[in-house]
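Novice: here is my input, please return the structure:
(chains A and B)
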There are 2 protein chains.
Amino acid sequence: MAKQGKKAIYPTRIENYPEWYQQVVKAADMAENSDVRGCMVIKPWGYAIWENIQKNLDDMFKETGHVNAYFPLFIPKSFFEKEAEHVEGFAKECAVVTHSRLEHDGKGGLKPAGKLTEELIVRPTSETIIGASFSKWVNSYRDLPLLINQWANVVRWEMRTRLFLRTTEFLWQEGHTVHETKEDALEETYKMLDVYTKFAKEYLAIPAIKGEKTESEKFPGAVSTFTFETMMQDKKALQGGTSHFLGLNFAKASNIKFQNREGKEEYAWTTSWGVSTRLIGALIMAHSDDNGLVLPPKIAPLHIVIVPIHRNEEEHRKVLNFIGELTSKIKHLRYNEEKIRVKIDDRDMRGGEKLWEWIKKGVPVRLEIGPRDIESSSVFLARRDKQPNEKQSMNTDDFLNNITSILGEIHNNIFEKALNFQKENTKKIDDKEEFYKFFTPKNKKNPEIHGGFVRSHWCGSSKCEERIKEDLKVTIRCIPLDAEEEKGKCICCEKESSKRVIFSKAY
Amino acid sequence: MAKQGKKAIYPTRIENYPEWYQQVVKAADMAENSDVRGCMVIKPWGYAIWENIQKNLDDMFKETGHVNAYFPLFIPKSFFEKEAEHVEGFAKECAVVTHSRLEHDGKGGLKPAGKLTEELIVRPTSETIIGASFSKWVNSYRDLPLLINQWANVVRWEMRTRLFLRTTEFLWQEGHTVHETKEDALEETYKMLDVYTKFAKEYLAIPAIKGEKTESEKFPGAVSTFTFETMMQDKKALQGGTSHFLGLNFAKASNIKFQNREGKEEYAWTTSWGVSTRLIGALIMAHSDDNGLVLPPKIAPLHIVIVPIHRNEEEHRKVLNFIGELTSKIKHLRYNEEKIRVKIDDRDMRGGEKLWEWIKKGVPVRLEIGPRDIESSSVFLARRDKQPNEKQSMNTDDFLNNITSILGEIHNNIFEKALNFQKENTKKIDDKEEFYKFFTPKNKKNPEIHGGFVRSHWCGSSKCEERIKEDLKVTIRCIPLDAEEEKGKCICCEKESSKRVIFSKAY
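Specialist: Now for the predicted structure:
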């Protein structure tokens, strides 16, 4: 049990942010590195969070008219080569299957055999293999829009990996849609960006900034890429997900044509959009504190954990009885249209130890219930959005009447905190020197936490973008959709500019 | 629209069973072959069925104390080699990743580059890679039982593939558990077999026979494999899923040890169990008829489809109003604890065409509603478990009061039909000549539909098993768990036997 003032996670955020992140993941028992280079094992607590993300996002996709399907894991090399920018973007980091069996090598080991006539790529994203199906599915304007989503694993051979944030294999969803007109496809691209930011706000409690990527940061093969950018507690940006307007590029590559209303054949307009297990990384870094994970209730595997307090067998029995009755009442309640998820932790361990375990795992509400609480028919309640020792006694009826709104309050508090942090650390800068100073670490002991989001003018040239990236490792995160027309001078070259963009260091 | 007497699927089951199967899949728009050898595309209607299977099975796994996690897609070759039987079983048909990128070959194409120091196998099953994690997770008897499940894609390089039944890549769940004692592990093995057969009965409406596999048919590396076998309408068996008691084999291969209650270190007992998208193939072949798919309501993507009937715009408007009100009432009802899934098919097509589409897709209940139905406040109802032209008019209130029990009835009817078919086509045979005759096609025009399940005595020798397999392509499907002790003579060699086993041709 952590002592007064001592924190459960070592090092703290301020001491060593990247290491703090790893320790939070470990303390909450969410994931670990596997023996396969760059691939992680998502442990039950981490996976339960992913299941909640999946379920709720999936509902939102279905509400907006999408259906799920499943396409092959493998992409023939020749499909991959069809879209020139696309292959350049992914060829450098893909797993290549070259053989279809193993045979004995005569030295007690096994060697690859059954060489394939055409190599297969393990999908890094599925535009080209899904396009092959779509070219068969789409014949007439009556077949459009085609609104498909896939939940899948993908592989990108990353050199430097970090649990959830960047792994060779990761889980994601990829939406792929086909439309009759450019306008329809653009509308879909924006719509799904809105779905994502709504999800980020209402489920992950993360404020997001919507914007367009610059030419150099867009998806390989897209006409334009839209992103939602989130701020982590080290003030760096994390791209939460992207929505791509693909124009006719992939329709041409995969021959997706349809007969239009005039009876003429034309290429269709496509989009794609995705979010991944990276969102769990965002979640951790946006909300967690020096005592471990902090979970927004809607995606928490448990809403409430109850720890019985007792000194002897008789008390134990009494307390468990009381908790059992309370729990069955709790289970009738719903939060966010789902049954409240409650667990009684009756393990044979010290109460304090248990409580700290659940703090580190980020459970929103902890209840301690002992003989004295039973006498007054009350519970001793602690909330993960408050200090560990900030507890209050509450009448059980009040508790049952208020638990739903308490969970809602926790969500709002977490969101507000993240939003304030983002606002406090977002600046308009018009002076180049100030800009460079802003992004230069002041504290050598703590180089990770500095900077923030800067809204500055940019002339639109990739040269300036590249220069700033080289000098400061700062990139243009996006051209915000809400950016107002405003005359100014490029922060790098001082040429005229009409809009501010967001600069930041990023994951 | 199919004419009176004519069937929607050509050929019919009796005309050409394997081709009928393909046509049912096609007519219901469930899946298609992809351009990747042996890999299928699961289309939205097929995937929605899989989602319902997943959701309900997942609930059953969680009710029995299991949690989900996710492990790497890739298995290092050296892990694979750790269990001798296991590697022999899977090495002949696995996708081998040898390179980590593609580079330009100077001839306008791409070639594999970045050769890996150790080849990676795309998981055909995950015992060895999950074992590597378990060896870290399990330290003490207090960590046991460890009850984990994974939903994932796996790859086995099959030479002859068929949609859902046998594909190179397929989706499945694999349970992996670790126990303190042999008894605990065996109990888990049986428990999950029970979960599967309960699911088959209550959700898929498929009767299943539980039994143990013979030595030659068991999972490579298992001590014993339990199976549930189901009968298809061509009287062949389909293995629905398996539950393996792995003994200490994989614990030794992966070094899964724990400190027991006496403080001594010992190897742990493990199990694994799985079902896959193959269940969808079983579903199709167990229930569908010559008009297409027949779906048990609990896993049907839609419970009810409503087709408006009208001759002009005014009628159209009136009918849609009426249907809208009815639908909002239907949506308040629940079947199997889930909201009733209803769709209004208002496409601009002939009513008959629509209705046949939904027949072929297997929707349990179809409603036609036109102006006359509105006048009498009734619906015109047809059920997929009855003939297409067998329809009844029903007062809307009666319909709303009875729809849940109608869906339940449909489930029961489908199950009873399948159970009767299985019983009718299961025989005890004690005479070798009769046995051989039973499994020899009588009708040359229709060689696929013959035989059935035969309960015969078997001496236990793999020689006899092999002989029958060679002669008749008939295998021992299982040694049924309910087999009674009974003296008899082996159907092949006439040696003494104490039990009957089930012989059948199989998928």
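Novice: can we go C-alpha only for contacts and neighbour counts from here?
Specialist: Fine.
Novice: what sits against residue A:389?
Specialist: Shown in contact with residue A:389 (CA atoms under 8 Å, 6 or more residues apart in numbering or on different chains): residue A:382.
Novice: which SSE is it in?
Specialist: Residue A:389 belongs to no helix or strand when elements are defined using DSSP states H and E.
Novice: how about the closest residue to chain B within the stretch 1-150 of chain A: what's its closest non-neighbour residue?
Specialist: Closest contact between the stretch 1-150 of chain A and chain B, by CA to the nearest CA, is at residue A:97 (4.2 Å). If the residues on either side of it in the chain are set aside, residue A:97 comes closest to residue B:97, at 4.2 Å by CA to CA, 6 or more residues apart in numbering or on different chains.
Novice: counting neighbours, what do you get for the one you found?
Specialist: The tally of other residues near residue B:97 (other CA atoms under 10 Å in any protein chain shown) stands at 28.
Novice: repeat for residue A:57
Specialist: Neighbour tally, residue A:57, other CA under 10 Å: 20.
Novice: also the one 5 residues further on?
Specialist: As a burial measure, residue A:62 scores 15 neighbours (other CA under 10 Å).
Novice: what does the pLDDT read for it?
Specialist: Note for residue A:62: predicted pLDDT of 98.
Novice: ok so, going back, any idea which helix or strand carries the residue nearest to residue A:97?
Specialist: Using DSSP H and E, residue B:97 falls within strand B:96-104.
Novice: quick one: contacts for the residue of the stretch 351-500 of chain A found nearest chain B?
Specialist: Closest to chain B within the stretch 351-500 of chain A is residue A:354: 15.3 Å, counting by CA to the nearest CA. Applying CA under 8 Å, 6+ apart to residue A:354 gives the contacts A:307, A:345.
Novice: and the average pLDDT for the helix or strand where it lies is what?
Specialist: Using DSSP H and E, the element containing residue A:354 is helix A:351-360. Mean per-residue pLDDT for helix A:351-360: 95.
Novice: cool, and stretch A:403-414?
Specialist: For stretch A:403-414, mean pLDDT rounds to 98.
Novice: take that stretch, keep the C-alpha atoms, and write them as CSV.
Specialist: Taking C-alpha atoms only, stretch A:403-414 is exported to CSV below (Å, rounded to 0.1, in the frame of the first residue of the first chain):
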residue,chain,number,x,y,z
ILE,A,403,-24.6,6.1,-8.8
THR,A,404,-25.6,6.7,-12.4
SER,A,405,-25.1,10.4,-12.1
ILE,A,406,-21.9,9.8,-10.1
LEU,A,407,-20.5,7.8,-13.1
GLY,A,408,-21.7,10.6,-15.4
GLU,A,409,-20.0,13.2,-13.2
ILE,A,410,-16.7,11.2,-13.3
HIS,A,411,-16.9,11.1,-17.1
ASN,A,412,-17.5,14.9,-17.2
ASN,A,413,-14.7,15.7,-14.7
ILE,A,414,-12.2,13.6,-16.6
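Novice: surely residue A:177 forms part of a strand?
Specialist: Yes: counting by DSSP: H, G, I helix; E, B strand; the rest coil, residue A:177 is part of a strand.
Novice: contact partners of the longest strand belonging to chain A?
Specialist: Ranked by residue count, the top strand of chain A under DSSP state E comes out as strand A:110-122. Here strand A:110-122 makes contact (CA under 8 Å, 6+ apart) with A:73-77, A:94-105, A:154-155, B:77, B:81, B:96, B:112, B:119.
Novice: how far away from the center of its chain is that strand?
Specialist: Here strand A:110-122 is found 34 Å from its chain centre; the criterion is CA atoms, centre = their mean, to the nearest Å.
Novice: give me the element the nearest residue in space to residue A:464 that is not next to it in sequence is part of.
Specialist: The shortest distance from residue A:464 to any non-neighbouring residue, by CA to CA, 6+ apart, is to residue A:492 (5.8 Å). Counting by DSSP H and E, there is no helix or strand that carries residue A:492.
Novice: residues contacting residue A:492?
Specialist: By CA under 8 Å, 6+ apart, residue A:492 lies in contact with A:432, A:458, A:464, A:468.
Novice: tell me which of the residues you listed is nearest to residue A:210?
Specialist: residue A:458 (17.6 Å; CA to CA).
Novice: got the phi and psi for the residue nearest to that closest one when sequence neighbours are not counted?
Specialist: Using CA to CA, 6+ apart and skipping residues adjacent in sequence, the residue nearest residue A:458 is residue A:490, 4.2 Å away. Note on residue A:490: its backbone torsions stand at phi -50, psi 130 [degrees, to the nearest 10].
Novice: gap between the residue of the stretch 351-500 of chain A closest to chain B and residue B:507?
Specialist: Counting by CA to CA, to the nearest Å, the separation of residue A:354 from residue B:507 is 51 Å.
Novice: repeat for residue A:54
Specialist: Counting by CA to CA, the gap from residue A:54 to residue B:507 is 34 Å.
Novice: of the two, who's got more company?
Specialist: Taking other CA under 10 Å, residue A:54 and residue B:507 do not tie; residue A:54 has more neighbours (18 against 11).
Novice: for the helix or strand hosting residue A:194, buried residues please.
Specialist: According to DSSP H and E, residue A:194 maps onto helix A:182-202. When burial is assessed from 16 or more other CA atoms under 10 Å in any protein chain shown, helix A:182-202 yields the following buried residues: A:182, A:185-186, A:188-190, A:192-193, A:196-202.
Novice: same thing with stretch A:353-368?
Specialist: Buried, per 16+ other CA under 10 Å, within stretch A:353-368: A:354-368.
Novice: report the distance from it to the chain centre.
Specialist: That offset, for stretch A:353-368, works out to 23 Å (CA atoms, centre = their mean).
Novice: end to end on it, go ahead and measure it.
Specialist: One end of stretch A:353-368 sits 12 Å from the other (CA to CA).
Novice: what does stretch A:253-271 give?
Specialist: Terminal-residue distance, stretch A:253-271 (CA to CA): 14 Å.
Novice: what does that stretch rub up against?
Specialist: Contacting residues not belonging to stretch A:253-271 are listed as A:82-83, A:128, A:131-132, A:134-136, A:138-141, A:175-182, A:185-186, A:188-189, A:243-248, A:250-252 [CA under 8 Å, 6+ apart].
Novice: just the buried ones from those residues?
Specialist: Buried by 16+ other CA under 10 Å: A:82-83, A:128, A:131-132, A:134-135, A:138-141, A:175-182, A:185-186, A:188-189, A:243-248, A:250-252, out of the contacts of stretch A:253-271.
Novice: near chain B, which of these show up?
Specialist: residue A:132 (CA under 8 Å from any CA of the partner chain).
Novice: now do the contacts for residue A:419.
Specialist: A:206-207.
Novice: wasn't it part of a helix?
Specialist: Yes: assigned with three-state DSSP, residue A:419 falls within a helix.
Novice: which residues of the stretch 251-400 of chain A lie near chain B?
Specialist: Neighbours of chain B within the stretch 251-400 of chain A, by CA under 8 Å from any CA: none found.
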